[in-house]
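[1] I'll drop the sequence and a predicted model, then ask my questions.
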2 protein chains.
Amino acid sequence: MKNSRRNFLKAITASSVVMPMIASAKPLNKDGRKLNIALIGLGYYATYQLAPAFAQTQFANLAGVVSGTPSKIEDWKKKYNIPEKNCYNYQNFDKIIENKDIDAVYIVLPNSMHHEFALRAAKAGKHVICEKPMAVSVREAEEMIAACKKAGVQLAIGYRLHYEPFTNEVMRLAREKDFGKVKFVEASFGFKLRDTNAWRMKKAFAGGGPMMDVGIYALNASRYATGEEPVSVTAQWVKTDPEIYKDIEETLFWQLKFPGGAISSSTTTYNGNVHRLFVSYENGNLEMSPAYDYGPLKGKTSKGEMNLPVIKHQTAQLEAMSEAILNNRPVRTPGEEGLRDMKIIEAIYKAAETGKEIKL
Amino acid sequence: MKNSRRNFLKAITASSVVMPMIASAKPLNKDGRKLNIALIGLGYYATYQLAPAFAQTQFANLAGVVSGTPSKIEDWKKKYNIPEKNCYNYQNFDKIIENKDIDAVYIVLPNSMHHEFALRAAKAGKHVICEKPMAVSVREAEEMIAACKKAGVQLAIGYRLHYEPFTNEVMRLAREKDFGKVKFVEASFGFKLRDTNAWRMKKAFAGGGPMMDVGIYALNASRYATGEEPVSVTAQWVKTDPEIYKDIEETLFWQLKFPGGAISSSTTTYNGNVHRLFVSYENGNLEMSPAYDYGPLKGKTSKGEMNLPVIKHQTAQLEAMSEAILNNRPVRTPGEEGLRDMKIIEAIYKAAETGKEIKL
């Protein structure tokens, strides 16, 4: 019994789903207007991360669902009180153009389907929120940006970390240079995934392996930690379990050079657990581990522990994106942010394949 | 006053000089024979690390000193009760051949002088203990090994970590595979050094920059963590402060491929503080930080904190080397161990210069 509080604290720490958002100085939704969003793809992330996040937002409303599985739609309708007219399958999805009660879609499908549904949503005049990686190629990403521009809708990419305090502190340090200029970055994100039935393990669905899934966080981190865009990349890879990691990479290293002189070194893998960001500045350093998980994140700098609010990333992201779109302001992580990562990812794969330094 | 014990514990933790060795199951020196060693080079490491270590050994005796500075010799004579006849300068050093009271030398000179003094000591029939890096080139290292072999003396390289428990646990995990095979290694060691007068900052003395000084620890770690010898290397470097790091590298990344499929990624630098070893195994991982300092080292594995004895590395190294030499048994870290690192270091520099993958 005496451990009950500790167990409770452990439980809420382990499950970011029930972690309350500590909103500080957030604008209040005075007129009560909400962005009505239809979720496309009702898998793990939609079910266990996004749906609970909606319940905590002022500006986002879970208004509809799109799924290829009728039983899932029935479950969601009941659980979230979603009217039948706001439910679609992949075939009749384009009829959403006639639905005035849906303002935007949030694409949470396997990566290879992002492009198709972003284009269909844009054509239907709906704003597009899309999970990372935004697409499986630079060409697709560029077409998504063009389609949304043409349709006059916003395109926002689900870089949830851009909306939470630890990552914003890393960005601020790059900008305000408390510790001087960045000298080098070590950023790695990998986890153990061996389920050969998972869509993430199939190139046709994922567009690649851990690089597309979690490596993109380490890549994005090296960009926001330096506040710069890399100018060249080298990369190396190895596959020790080819029967498991059939048509995707297993473990991949890459290194980036930045115009200000900083360099970064990164690992991504489906064959090991690592989730660290280390930034070495002129006069200090920062280390976060975990640096990219749903939370709580943890970090320290040369000045001590990073004592920052622990928030639910998905809630903060939905809130900020919805408020921006409602007020016709640019979102913080637009398609262009996703495109930059896609260009570097293509270069990383090319560098690993050729063994050559690829200019960006 | 109530903090006095904590302050005392802090003091002994901070200063590894006074940290007692926890000897477990160490052989007793029954006949009291000691290896009589002359220290060559009376700088920081000899003064503050090796001299106090001698006082704690059973098998090593600080019998003589060799220095280019007469006042230092006077100080050491008084402080350690060293007879005049066991003191040499760099000019008259070769007369040590006539001195029956010196069995071995320990070379603690700038890297570029290791080769010369190892050859002179071997010619004088003295066993050679030499700090890492053993030399500034593969050619020099090979000549040192050949000279000692010809003279029938042992050549031991000062890889102090090979003699302390945390590192031995990393080696054991590679050998006994508690967590399965190694998949990848991240090993980085760098510190802030900007004193342009330091010999470590001059290629003529150091043979290179941080790679030769601390990078060699990260390199050596990737080898003992995998238990394998790498087959190829790629490397990248950058210099953001060329006026400080004139003729040496500033920050250097390298990556190694191992025959069992593992790969390693490393950073070394004089422009930032990082000292971490991360090993990802099939079924677990190990993280040490600090991983290479004088101690106390700290680490955890998938099974929890690494609760291992904290010992003074230099004492353990001197003890084991002296006992082996006295008993005519091979030392744990012979010239061949140093040569392996030298070959890889030359390949790392070549890979960084050419941008090509270099086979080993």
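    Yes, it's here.
[2] give me every residue that touches A:G207.
    Contacts of A:G207 were listed using CB atoms under 8 Å, 6 or more residues apart in numbering or on different chains, and they are A:N111, A:S112, A:P133, A:A135, A:V136, A:S137. Bear in mind the C-beta positions are built from the backbone N, C-alpha and C, glycine included.
[3] and if we set it to 6 Å?
    By CB atoms under 6 Å, 6 or more residues apart in numbering or on different chains, the residues touching A:G207 are A:N111, A:S112, A:V136.
[4] what about the second one, distance to A:A206?
    Right, the one you point to is A:S112. When distance is defined by CB to CB, to the nearest Å, A:S112 is 7 Å away from A:A206.
[5] Neighbour count: the two, which is higher?
    Taking neighbours as other CB atoms under 10 Å in any protein chain shown, A:S112 and A:A206 compare with A:A206 leading, 22 against 19.
[6] Thought A:I216 was touching the more buried one, still the case?
    No: when contacts are counted by CB atoms under 6 Å, A:A206 is not listed as touching A:I216 (11.3 Å).
[7] how about the nearest residue to A:A352, chain neighbours excluded?
    Nearest in space to A:A352, with sequence neighbours left out and distances taken as CB to CB, 6 or more residues apart in numbering or on different chains, is A:A235 at 3.9 Å.
[8] Tell me if I'm right that that neighbour and A:L256 touch.
    No: assessed by CB under 6 Å, A:A235 is found out of contact with A:L256, at 9.6 Å.
[9] On the pLDDT front, check A:K30 for me.
    Looking at A:K30, its pLDDT stands at 77.
[10] so where do the strands sit in the stretch 151-300 of chain A?
    A:155-157, A:182-190, A:232-238, A:251-257, A:263-269, A:274-281, A:284-288, A:299-301 (DSSP state E, counting those that start in this stretch).
[11] Of these, which is nearest B:K79?
    In terms of CB to CB, the element of the strands of the stretch 151-300 of chain A nearest to B:K79 is strand A:284-288, at 38.1 Å.
[12] who are the neighbours of that closest one, in terms of helices and strands?
    Counting contacts by 3 or more CB pairs under 6 Å, 6 or more residues apart in numbering or on different chains; DSSP states H and E, strand A:284-288 is packed against strand A:274-281, strand A:299-301.
[13] Let's have these in CSV, adding distance to B:H313 and mean neighbour count.
    Shown next, in CSV, are those (distance: least, CB to CB, whole Å; neighbours: other CB atoms under 10 Å in any protein chain shown):
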stretch, distance to B:H313, mean neighbour count
strand A:274-281, 25, 24
strand A:299-301, 26, 18
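[14] List the contacts of A:L277.
    Listed by CB under 6 Å, 6+ apart, the contact partners of A:L277 are A:A187, A:A221, A:M288, A:A291.
[15] I am assuming the second one contacts A:E186, so please confirm or correct that.
    Right, the one you point to is A:A221. No: the pair A:A221 / A:E186 is not scored as a contact, 9.9 Å apart, by CB under 6 Å.
[16] Dead centre of chain A: give me the residue that sits there.
    Central residue of chain A (CA atoms, centre = their mean): A:Y159, 3.4 Å from the mean position.
[17] Contact partners for that one?
    Contacts of A:Y159 by CB under 6 Å, 6+ apart are A:K132, A:T333.
[18] Quick check: the gap between it and chain B.
    Distance, A:Y159 to chain B, by CB to the nearest CB, to the nearest Å: 24 Å.
[19] try A:L42
    33 Å.
[20] Could you report the neighbour count for that residue?
    Using other CB under 10 Å, A:L42 has 21 other residues around it.
[21] now do A:R175
    Residues contacting A:R175 under the criterion other CB under 10 Å number 10.
[22] Need the per-residue pLDDT for it.
    The predicted structure scores A:R175 at 98 on the pLDDT scale.
[23] Need the nearest residue in space to it, chain neighbours excluded.
    In space, A:R175 is closest to A:G227, 5.8 Å off (CB to CB, 6+ apart).
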